[in-house]
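> Need coordinates for the below:
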Amino acid sequence: MAKKSISAWVDEGLAGKVDRVALEEGHKPAQILAAATEFYMALPEVARRKWRQISSRGTDEEINLALREVTRSLVRSHLNMSIDRGHDQPRQPAGALGVTYIAPNFDAPDSGSN
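From the prediction side, this is the model:
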């Protein structure tokens with residue numbers, strides 16, 4: 001697949017975050033930006049518009065709340081996908097992402113079977 005470079009101007013703080021995440025994850029900054037762009041473009045237009053509104057008008061607390069909700073949704077979707085595919089444990093502890101994961105106990109008696 002042919003690739004194309006797209007320029008973007010970001011402030012020093014965001015550039016520093018990209019560099020830090022790239023280093024932590026063992027990727028190049030361009031790979032982080034490509035993944036971020038791919039994620040943003042995969043969102044429906046209404047979600048992109050709402051994110052722009054939240055990020056431009058919201059307080060830090062409101063922005064962080066929205067990000068936590070998105071994070072929980074992604075972690076929950078991944079967990080459901082893993083369970084559907086027969087993996088009963090997520091690869092990364094959900095607690096590290098601020099989500100409580102309770103592994104299902106398939107050996108426990110079903111309380112609703114009375």
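
> Identify the residue nearest the geometric centre of the protein.
Geometric centre of the chain, nearest residue: residue 71, 4.7 Å, by C-alpha atoms, centre = their mean.

> Mind telling me what element that one is part of?
helix 60-84 (DSSP states H and E).

> tell me the mean pLDDT over that helix?
The average pLDDT within helix 60-84 is 93.

> Buried residues in it, which are they?
75, 79 (16 or more other C-beta atoms under 10 Å). C-beta coordinates here come from the backbone N, C-alpha and C atoms, glycine included.

> got it, and stretch 8-20?
So stretch 8-20, judged by 16+ other C-beta under 10 Å, has buried residues residue 18.

> Keeping just the C-alphas, turn it into CSV.
What follows is stretch 8-20, C-alpha atoms only, in CSV (Å, rounded to 0.1, in the frame of the first residue of the first chain):
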residue,chain,number,x,y,z
ALA,A,8,0.4,19.0,10.7
TRP,A,9,1.4,21.8,13.0
VAL,A,10,1.1,21.0,16.7
ASP,A,11,2.1,22.9,19.8
GLU,A,12,5.3,22.0,21.7
GLY,A,13,3.3,20.2,24.4
LEU,A,14,1.5,17.9,22.0
ALA,A,15,4.7,17.2,20.1
GLY,A,16,6.4,16.3,23.4
LYS,A,17,3.5,13.9,24.2
VAL,A,18,3.8,12.2,20.8
ASP,A,19,7.6,11.8,21.3
ARG,A,20,7.1,10.4,24.8
